[in-house]
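Enquirer: return atomic coordinates for the entry below.
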Amino acid sequence: MTSLARRVGIYSLAAGVAASSCGAAAGPTAPASSSPVEVPPTLGRIVVLGDSLSVSPSRSVNFPAELQARLDSASRGWTVHNAGVSGDTTAGGVRRLDEAVGGDTHVLILALGANDGLRGVNLALVETNLSAMIERAQARRIKVLLCGMETPPSHGWDYTIGFHKIFPRLAARYDVPLVPFLLAGVALDPALNLDDAIHPNAAGARRIGDTVWPYLEPLVRIQSAAAFDNLTPSLDLP
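Expert: Residues are numbered from 1 along each chain as shown. This is a model prediction of the structure:
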C-alpha cells in the first residue's frame, strides 16, 4: 500500500466510525467635539451547511454553537446559523442552498460529504455537487470555508483515496480555505463521542470548534475590518 493510502486509511477508518450514521510617544488628542465611531450592530452572518455532525449532540450544543461562543468573545456582531440536517448529502445541500444561505450571509461553512462517502456516491457527482455550492456562494460574494471529510474503504481503497482528494482539489480550484478533516482528534476517542461512538458529545463539539476556528477567524477578521472601513466618523472641527 502506498504512503498516501496508509495515511488516508488512518483518517478514513476513523471517519468511518465517527460518521457512519451522519443520518479555531502618545498620539494627538482627538477633538473634544468628535463623535465616537459606532460599532455596527451586525457585522456578518455565518451559515453552517452540514449533516448530523453539525447538530450533535443536540440542536443547542454542537460545533456551530461553539463557534458562536468564540465569536461572541472575539468580535461582536457576528451570528452563526446552523443549517445542519441529519442524514444530508451533497445533493441535498445543492437543493436547499438558496433557502438555507440567506441574502445576508457573509461566510458559508460547507460541511457536507460524509454521507455521500458512506453510501458510495459516484465521486464525480460528489465533486460536482460541492463545486456547484461553492460556485453559487462565490457568485454572491460569500466567502466559503470547506470542511474536509474522509470515508472508510467500504467501497474499496481507490474510492477512499479518490474521495479524500476531492476536498484539497476543490480548495485549490476555488481558492478557498480548507479544514483538512472536520473530525480530527474526535474520531475514535470515546471521551469525545456519544455512546453510539459515532456522533460528538459536548466535549467533541468543543474539539471540532477548536479545529474549525483557526480557519474561520481570518475570514471573520477580514470581513470585520471591511465593515469598520466603511464607517465614517462625524467630526465637528473648528
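Enquirer: so who does Asn171 touch?
Expert: Rather than Asn, residue 171 is Ala. 146, 177-178 (Cβ atoms under 8 Å, 6 or more residues apart in numbering). All C-beta atoms are positioned from the backbone trio N, CA, C, and that covers glycine.
Enquirer: who wins for neighbours among those residues?
Expert: Within the contacts of Ala171, most neighbours by other Cβ atoms under 10 Å means Leu146, with 25 neighbours.
Enquirer: which SS class is the residue nearest the centre of the chain?
Expert: Residue closest to the mean C-alpha point of the chain, counted by Cα atoms, centre = their mean, is Ile109 at 3.2 Å. What DSSP: H, G, I helix; E, B strand; the rest coil gives for Ile109 is strand.
Enquirer: tell me the bridge partners for it.
Expert: For Ile109, the beta-bridge partners are Val48, Leu145 (DSSP bridges).
Enquirer: surely it meets Gly50?
Expert: Yes: applying Cβ atoms under 8 Å, one finds Ile109 in contact with Gly50, separated by 7.5 Å.
Enquirer: who touches both of those two?
Expert: Cys147.
Enquirer: in the longest helix seen in the chain, what's buried?
Expert: The residue-count maximum for a helix in the chain (DSSP state H) belongs to helix 202-229. Neighbour-count burial for helix 202-229, with 16 or more other Cβ atoms under 10 Å as criterion, is recorded at 202, 204-213, 215-217, 219-220, 223-224, 227.
Enquirer: cool, stretch 158-165 as well?
Expert: 159-164.
Enquirer: quick one: least confident helix or strand in the protein?
Expert: None of the helices or strands of the chain scores lower by mean pLDDT, DSSP states H and E than helix 3-19, at a mean of 49.
Enquirer: how about the helices in this structure?
Expert: So, for the chain - with DSSP H - the helices run 3-19, 63-74, 90-100, 114-119, 123-139, 157-174, 202-229.
Enquirer: and those, which one's lowest on average pLDDT?
Expert: In terms of mean pLDDT, the lowest-scoring of the helices of the chain is helix 3-19 (a mean of 49).
Enquirer: quick one, phi psi at Gly156?
Expert: The phi and psi torsions at Gly156 (degrees, to the nearest 10) take the values phi 100, psi 150.
Enquirer: next one: Asp175
Expert: Here is the backbone geometry of Asp175 (degrees, to the nearest 10): phi 50, psi 50.
Enquirer: tell me, how many residues neighbour it?
Expert: Neighbourhood size, Asp175 [other Cβ under 10 Å]: 8.
Enquirer: for Leu146, see how far away it is.
Expert: When distance is defined by Cβ to Cβ, to the nearest Å, Asp175 is 11 Å away from Leu146.
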